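Student: Turn this into a structure:
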Amino acid sequence: MTNDLSPSVQMQFMRPAQLEAAARAFAVVYVPFGLIEWHGRHLPLGNDALKAHGILVKCAEKYGGVVYPPVFFPHAIHNPETGELVESDRGWKLSMVTALFDGLKQTGFRVIIGVSGHNIQTQIDLINEALKPVVADGTITGIGLWEMSLSRCEESDSDHAAKWETSNMMFFYPDFVDMSELGTEPLAPDMQPPHGIGGLDPREHASVEVGRRNVELASEAIGKKAQELLKSLPEDKQSFSLEAISPEHWWSV
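Tutor: Got it, this is the predicted structure:
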């Protein structure tokens, strides 16, 4: 079903000793963000966080660190009277993400990288705002990114349910992609109904190979950024800071 996303770097599958060993080896945690949203008739609704999560797992497999489970929360709500999307309350989201980041800090990580697969600037702003009070004492650092912020080029980009996102899902979750749902008629432009797709027609431009290369470039760029951020800290702040992953010192995040 998936393209070999290793459970050995995914926090929800790790045993305590595995989590501690991974954090001691490379004290970086990656947090994928997204929402449940229309992504054409051919892709899963959780595409954004699933995409970010998959890229981060590939990153951790190569560079080290631990990947937190995908975090889903709404960017906007639909007003049934006007048909418009309205920004949902920001306060609770900021509090939630700040609390999560603080918990990861207390778990002993030194670098927090929040990656949003939902390519909206307000979500990156929220991640970076949530990081501010957590990193303020200088003992840890972090950054908010889109999955392709550091790798954007002809072979690495994003869209909405078109070439890039469809290719990513073909690579990670081929069983959840059904191209036949798109039919054979021309797609409506600019994310308009009935297709709601923005970008190059995935029927012509998407492929497993496009997804593989995009994931490779994005994960490598994020991994190198993780190394850079960890080295930017004072030398005595680059190591796992918790005495142990054990009930005497830690319980949950």
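Student: How about the backbone phi and psi for residue 222?
Tutor: The phi and psi torsions at residue 222 (degrees, to the nearest 10) take the values phi -70, psi -40.
Student: Spit out the contact partners of the residue lying closest to residue 222 once chain neighbours are set aside.
Tutor: When the adjacent residues along the chain are set aside, residue 222 lies closest to residue 59, with 4.8 Å between them (CB to CB, 6 or more residues apart in numbering). No exception for glycine: its C-beta is placed from N, CA and C like everyone else's. Residue 59 makes contact with 30, 65, 67, 218-220, 222-223, 226 under the criterion CB atoms under 8 Å, 6 or more residues apart in numbering.
Student: what distance separates stretch 59-79 from the centre of its chain?
Tutor: Centroid separation between stretch 59-79 and its chain, computed with CA atoms, centre = their mean, to the nearest Å, is 4 Å.
Student: tell me the average confidence for it?
Tutor: Per-residue pLDDT over stretch 59-79 has a mean of 88.
Student: What residues sit buried inside it?
Tutor: Residues of stretch 59-79 classed as buried: 59-61, 63-68, 70-73, 75 (neighbour count, 16 or more other CB atoms under 10 Å).
Student: wait, which of these is closest to residue 50?
Tutor: Checking these against residue 50 by CB to CB gives residue 70 as the nearest, at 6.5 Å.
Student: my guess is the closest one contacts residue 35, does it?
Tutor: No - taking CB atoms under 8 Å as the contact criterion, residue 70 and residue 35 are not neighbours in contact, 10.2 Å apart.
Student: residues shared between the contacts of those two?
Tutor: residue 49.
Student: Show me what residue 144 bridges to in the sheet.
Tutor: Counting by DSSP bridges, residue 144 is bridged to residue 114.
Student: just the helices in the stretch 1-150 of the chain please.
Tutor: Counting by DSSP state H, counting those that start in this stretch, the stretch 1-150 of the chain has these helices, from start to end: 16-25, 47-63, 90-106, 121-135.
Student: And the strands in this protein?
Tutor: Using DSSP state E, the strands of the chain run over residues 28-34, 66-67, 71-72, 76-78, 85-87, 111-116, 141-146.
Student: Report the residue spans of this structure with pLDDT below the cut-off.
Tutor: Within the chain, the stretches falling below the threshold (pLDDT under 70) are 1-3, 76-80, 82-88.
Student: so residue 221 makes contact with residue 151?
Tutor: Yes - the pair residue 221 / residue 151 is scored as a contact, 4.0 Å apart, by CB under 8 Å.
Student: so who does the closest residue to residue 169 other than its chain neighbours touch?
Tutor: Nearest in space to residue 169, with sequence neighbours left out and distances taken as CB to CB, 6+ apart, is residue 177 at 5.0 Å. If a contact means CB under 8 Å, 6+ apart, then residue 177 has 42-44, 166, 169-170 as its contacts.
Student: buried stuff in stretch 217-231?
Tutor: By neighbour count on 16+ other CB under 10 Å, the buried set for stretch 217-231 is 217-223, 225-226, 229-230.
Student: and which of those is nearest to residue 120?
Tutor: Nearest to residue 120 among the buried residues of stretch 217-231: residue 218, at 17.5 Å, using CB to CB.
Student: and that closest one, what is it in contact with?
Tutor: Contacts for residue 218 were tallied using CB under 8 Å, 6+ apart; they are 55, 59, 147-148, 150-151, 156.
Student: Could you report the neighbour count for the residue nearest to residue 19 when sequence neighbours are not counted?
Tutor: In space, and not counting its chain neighbours, residue 19 is closest to residue 245: 5.4 Å by CB to CB, 6+ apart. Using other CB atoms under 10 Å as the criterion, residue 245 is surrounded by 21 other residues.
Student: Residue 245 against residue 17, yeah?
Tutor: Yes - counting by CB under 8 Å, a contact exists between residue 245 and residue 17, whose distance comes to 7.3 Å.
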